[in-house]
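Peer 1: let's see this in three dimensions:
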Amino acid sequence: MSGLEAHRAAFVSVLDGMLSHPQGHHGWNSFYEALRLTVSSPSCPIPEPLLRCWTERPELNLAHVATLLGMAVRQVAALEESAAAVFRTDHSPRMRAAALRHVLETRSRHIGRTLLDRHNSFTGARRFLLPQLVIGNYAPATGSPVRFLDVGTGLGVLPRQLNQRAAFERFGADLTWECESLTYREIPIECRHAIDKPPLPDLNWVRNCFGPSHYYQDRLEELLWSLRLPVEGPPIRTTALDILDAGTFEQFLEAGRYNAVTCNFVLYQYEPEVRRAVIASIVRNLPRGGIFLNIDLDPSMARPGCRIIAHLGGRDDTLHLLDVSDAHLIGSVRAGADYEEFLKICKL
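Peer 2: Below you'll find the model as predicted:
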């Protein structure tokens with residue numbers, strides 16, 4: 001099997017896993033099914049935008065490439081009815097696949113550019129809940145004001161939501177704790193910064209990252225509501241910075257002296273060695289008593305839920321804090337293997 005055919009087979013295998021996702025990806029499965037039909041046959045050429053992405057962005061894992069392609073097609077579908085047919089569940093899978101092949105051919109240049117320039121910038125209004133709780137309970141144990149950084153921030157909704165009691169009360173009510181729950185505490189924020197890869201996403205792009213379903217329409221309405229709330233405390237500074245530019249990223253971290261860093265649903269998009277390098281850069285620049293929260297998905301996008309891992313400045317180990325049944329933070333929260341140890345640290 002040639003290298004290209006092996007890549008094709010791996011991509012189809014990833015799509016099979018995504019199609020088996022218990023939650024059906026809330027509307028995206030119609031696209032993944034059409035995409036599988038489009039790329040699975042060795043007799044059919046790989047669509048040019050997909051081939052370019054595989055070649056020019058090898059750091060991306062295949063599941064993320066599939067989601068990103070869906071968002072690029074959604075962007076076209078907002079303007080062209082022929083592209084919108086890709087997502088119509090009243091059409092057969094083969095009809096949707098034919099519509100997908102058509103849009104990939106006719107809008108190849110535009111879609112290819114999107115695949116090279118963009119990331120999945122889905123911005124969930126509920127994803128600040130666990131950073132609010134974890135950092136709010138940990139910060140008093142350090143005795144230092146919080147210099148906060150959100151890595152891969154998207155629209156910057158997470159840093160602006162910290163200490164928003166109204167948002168916490170609205171969304172926190174939908175989390176069921178299967179362990180001792182953390183208490184809501186205001187975070188003593190000294191500064192809050194956010195970074196993301198240029199071009200920085202805007203609301204128009206973010207809309208494409210929400211699936212074609214009533215479920216995702218509800219999530220989008222939550223986001224719009226949250227964006228209307230005032231920022232409590234220091235203003236947010238947003239910087240366009242590519243975390244894969246290791247030298248620039250390390251200089252930024254060193255200069256900022258951040259003692260609370262979050263990376264929410266960002267690193268799953270990359271291949272394992274890239275994820276490890278980004279984590280190592282953050283941990284190296286974390287001061288003693290600082291905290292880095294990595295909240296992430298299953299990189300294969302085949303299983304629901306998310307995991308919260310903490311790195312504490314001055315410690316070599318990592319702490320598995322929590323698991324959540326649904327990555328949109330609607331569901332149950334379970335204690336990770338190191339949750340009890342973390343509670344003890346918070347009470348010191």
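
Peer 1: and Gly154, helix, strand or coil?
Peer 2: coil (DSSP: H, G, I helix; E, B strand; the rest coil).

Peer 1: with Tyr258 instead?
Peer 2: For Tyr258, the assignment made with three-state DSSP gives coil.

Peer 1: once you drop chain neighbours, what's closest to it?
Peer 2: Leu149 (4.1 Å; CB to CB, 6 or more residues apart in numbering). Glycine gets a C-beta too; all of them are placed from N, C-alpha and C.

Peer 1: one more: Gly152?
Peer 2: Val266 (3.3 Å).

Peer 1: and the pLDDT at the one you found?
Peer 2: Looking at Val266, its pLDDT is 96.

Peer 1: what's the burial count for it?
Peer 2: 25 (other CB atoms under 10 Å).

Peer 1: what's the distance between it and Leu329?
Peer 2: Remark: distance between Val266 and Leu329 (CB to CB, to the nearest Å) = 16 Å.

Peer 1: what is the neighbour count of Glu180?
Peer 2: 10.

Peer 1: swap in Ala9?
Peer 2: Residues near Ala9, counting by other CB under 10 Å: 14.

Peer 1: element containing it?
Peer 2: Using DSSP states H and E, Ala9 maps to helix 3-19.

Peer 1: which elements pack onto the next helix or strand along the chain from that helix?
Peer 2: Remark: after helix 3-19, the chain's next helix or strand is helix 29-39, criterion DSSP H and E. Helix 29-39 is packed against helix 3-19, helix 62-77, helix 93-106, with contacts defined by 3 or more CB pairs under 8 Å, 6 or more residues apart in numbering; DSSP states H and E.

Peer 1: between the following helix or strand past helix 29-39 and helix 62-77, how many degrees?
Peer 2: As assigned by DSSP H and E, the chain's next helix or strand after helix 29-39 is helix 48-56. Helix 48-56 runs at 140 degrees relative to helix 62-77, counting by axes from the mean of the first three to the mean of the last three CA atoms, to 10 degrees.

Peer 1: what comes into contact with helix 48-56?
Peer 2: 7, 39, 46, 60, 65, 68-69, 72, 104, 108, 111-112, 115-116 (CB atoms under 8 Å, 6 or more residues apart in numbering).

Peer 1: export the one helix or strand in the chain whose mean pLDDT sits lowest to CSV, keeping only CA atoms.
Peer 2: Sorted by mean pLDDT, DSSP states H and E, the helices and strands of the chain end with helix 81-84, the least confident at a mean of 89. Coordinates of each C-alpha in helix 81-84 appear next as CSV, following Å, rounded to 0.1, in the frame of the first residue of the first chain:
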residue,chain,number,x,y,z
GLU,A,81,-27.8,26.2,-1.4
SER,A,82,-25.9,23.5,-3.3
ALA,A,83,-23.4,23.2,-0.4
ALA,A,84,-26.1,23.3,2.2
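
Peer 1: distance between it and the chain's centre?
Peer 2: Computed by CA atoms, centre = their mean, to the nearest Å, the chain-centroid distance of helix 81-84 equals 27 Å.

Peer 1: and the contacts of it?
Peer 2: Residues outside helix 81-84 that contact it (CB under 8 Å, 6+ apart) are 73, 76-78, 99, 102-103, 107.
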